[in-house]
Structures are given as structure tokens and as C-alpha cells.
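Asks: any chance you could fold what I've pasted below:
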Amino acid sequence: MRKKILLAAPALALGALTLAAAPAMAQDGGDIPWAGQAGLQPLNNSGTVGDALVELDGNEATVTVNVSGAAETFMDGPFPHAQHIHIGADGLCPTAEADTDGDGAVSTPEGQPFYGMIGTSLTTEGDTGVDSALAIERFPGGGSYSYERTFEVNEDTAAAVADGTAVIVVHGVDPANLSAEAQEKMSELDPALPLAATLPAACGAVTASQMGEMPKGGADTGSPVQQEDNSGMLMGAGALAVAALGGGAWALNRRSKSV
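Replies: Reported below is the predicted structural model:
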């Protein structure tokens, strides 16, 4: 039986989100070990929370992500949760004020100036570049999960961790948690997709220091985050998701897709 799954985005949508130009490594950058924490706070009324740890030695990173309260299932399988490290902007999670069109959700274009574009895809195996941003079969799924993987990151991502502008975003929002207007809206990334399909579920800025100087206390998201149970929640961007709408249901082909 052909498997169906939520979330698989078109290549053209991702192209608008990936970082085109490569900044130089941060001063004192790539060869110094760094460690960074991120507290993952709910976006777009998802209820998703968690924490993340990034340990970086040169360009080798060990990333740990723990998530709970996420969307649990879609059809007969776990709800997929694509996750990325975003770079190249202010290193912040946007507040509800970024919702300039007033639909109760911060869209990808509205949030991108805060957290930037995709630098690394936190896949469970295989490639971790921007080309794997849509490889849904290689991301964790379900209402809660723990992820840990060691891999090489590109210089842009390593520099962003070191200079404090890296942001971790976890994707996958139940459309029932959005406002009525947002539920009916189509994504700016592709008019064939519902808005909910491209909205992230949690966001946290990475607070980093050199190894041996790990930040004390709880992880910080790097900006005020709206946590009220309303539809004017935050979001970060990611290229995700694909949906065929029919009677309010989304059906997608489970397949890895690269850009």
C-alpha cells in the first residue's frame, strides 16, 4: 500500500529560503570548540516545546534535540517534524508583531528577517545540507522525540553558532491550532499548499560559548516568545510540507525530495 505522509515541499519554494551567499567564518571561528543551548518555544499556537544542544569542534557538530507536545499523527503514521538550523539574520525568534497581514500566524516571509535561511537540515541520516530540507522520511516524527547526531556542518552554520546568530526551528503544526482565517489560507511558498503546511512548530536561538564556558541556567530563545494559547503565535521559516486538500484532509506521498 502506498504510504501517505504530511509535508513535502516543492523545490522552487525551498530555493527562496536557502542561503545564497556564504559569509566568512567568524573571527576566532572554525577551529575553536563551541557549545550552545536553545530553548524551543511554541510557534503558531502549536504547543510544541523542547530544548537543543549544539557542540561544535571545528566543522564537526553534535546536535541533540528533545521535543514534546508536537503534533502526533497524520493518517496512519507519526506526524513528521522537519527541523533545521537557520542562519544569516538576527538570530532571533520573531514575535507576533511580525504578523503584518493580521491572519494570526507569522508566515515564512514575515519571520525570515529574524531567524534567517536554512543553513543545516537536522536529518536522522544521510545529507544534512539545504538540499535535504524536504527529505521528510529522514526527519523525526510523532508527538515527542529525542534526536542526536554527529556530522560535518558547512562553514556558514559553524560561524553562525559561534557568533550567536544560529536558530533551531522544528516544523509540523496541526492546522486545528490556527485561526479560522489561517486554516483557509494558502502558503506564500506555493499557492497549492495550505499555510499550515509551511508553518514551524517551535523556535529557539542558540546561545553559545567556547567549550568550558557553557552558558549557565536555562536555555534562552534569544527573543521574547509569545506563549499564550492564541493564534497570533510565532513561526520560523522552513521549506516543508505538501498537501493535497480534499474535504479538509491533506494527503502526501512519502518520499525524500532534494532541491
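Asks: distance of Gln37 from Thr207?
Replies: Going from Gln37 to Thr207 by C-beta to C-beta, to the nearest Å gives 6 Å. The way it works is simple: take the backbone N, C-alpha and C, and place the C-beta from them, glycine included.
Asks: ignore the last one, Leu43
Replies: Here Leu43 is placed at a distance of 18 Å from Thr207 (C-beta to C-beta).
Asks: between those two, which one's more packed in?
Replies: Leu43 (30 against 22; other C-beta atoms under 10 Å).
Asks: what's the pLDDT at the more buried one?
Replies: According to the per-residue confidence, Leu43 scores 91 in pLDDT.
Asks: again with the one 10 residues further on
Replies: In this prediction, Leu53 carries a pLDDT score of 97.
Asks: what pairs with it across the strands?
Replies: The residues paired with Leu53 through beta bridges, assigned by DSSP bridges, are Gln37, Thr64.
Asks: mind listing what it touches?
Replies: By C-beta atoms under 8 Å, 6 or more residues apart in numbering, the residues touching Leu53 are Ala35, Gly36, Gln37, Ala38, Thr62, Val63, Thr64.
Asks: just the CA trace of stretch 150-160, in CSV.
Replies: Provided in CSV are the C-alpha atoms of stretch 150-160 (Å, rounded to 0.1, in the frame of the first residue of the first chain):
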residue,chain,number,x,y,z
THR,A,150,27.2,14.0,14.8
PHE,A,151,28.1,15.3,11.4
GLU,A,152,30.0,17.9,9.5
VAL,A,153,28.4,21.3,9.1
ASN,A,154,29.2,23.9,6.5
GLU,A,155,31.3,27.0,7.4
ASP,A,156,28.2,29.3,7.4
THR,A,157,26.5,27.2,10.1
ALA,A,158,29.6,26.9,12.2
ALA,A,159,30.2,30.6,12.0
ALA,A,160,26.5,31.3,13.0
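Asks: avg pLDDT for the helix or strand harbouring Ala159?
Replies: Element membership of Ala159 [criterion: DSSP states H and E] is helix 155-163. With pLDDT averaged residue by residue, helix 155-163 scores 94.
Asks: go on, stretch 84-92?
Replies: Across stretch 84-92, the per-residue pLDDT values average to 95.
Asks: give me the contact list for that stretch.
Replies: With C-beta under 8 Å, 6+ apart as the contact definition, stretch 84-92 has outside contacts at 19, 23, 54, 63, 112-122, 133, 153, 156-157, 159-161, 164-169, 171, 205-206, 222-223, 236-238.
Asks: can you select the buried ones from those in PyMOL?
Replies: In PyMOL syntax, the buried subset of those is picked out as below (16 or more other C-beta atoms under 10 Å):
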select buried, resi 19+54+63+112+114+115+116+117+118+119+120+121+122+133+153+156+157+159+160+161+164+165+166+167+168+169+171+205+206+222+223+236+237+238
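Asks: check the burial of Pro33 by counting its neighbours.
Replies: As a burial measure, Pro33 scores 13 neighbours (other C-beta under 10 Å).
Asks: if we can go back for a sec, quick check: which helices or strands does the helix holding Ala159 pack against?
Replies: The criterion is 3 or more C-beta pairs under 8 Å, 6 or more residues apart in numbering; DSSP states H and E, and the helices and strands that helix 155-163 contacts are strand 34-42, strand 49-57, strand 60-68, strand 83-87, strand 117-121.
Asks: which other helices and strands contact the first one?
Replies: Judged by 3+ C-beta pairs under 8 Å, 6+ apart, strand 34-42 is in contact with strand 49-57, helix 155-163, strand 167-171, strand 200-205, strand 207-210.
Asks: and the fourth one, which strands flank it?
Replies: As defined by DSSP bridges, the strand partners of strand 200-205 come to strand 34-42 (antiparallel), strand 167-171 (antiparallel).
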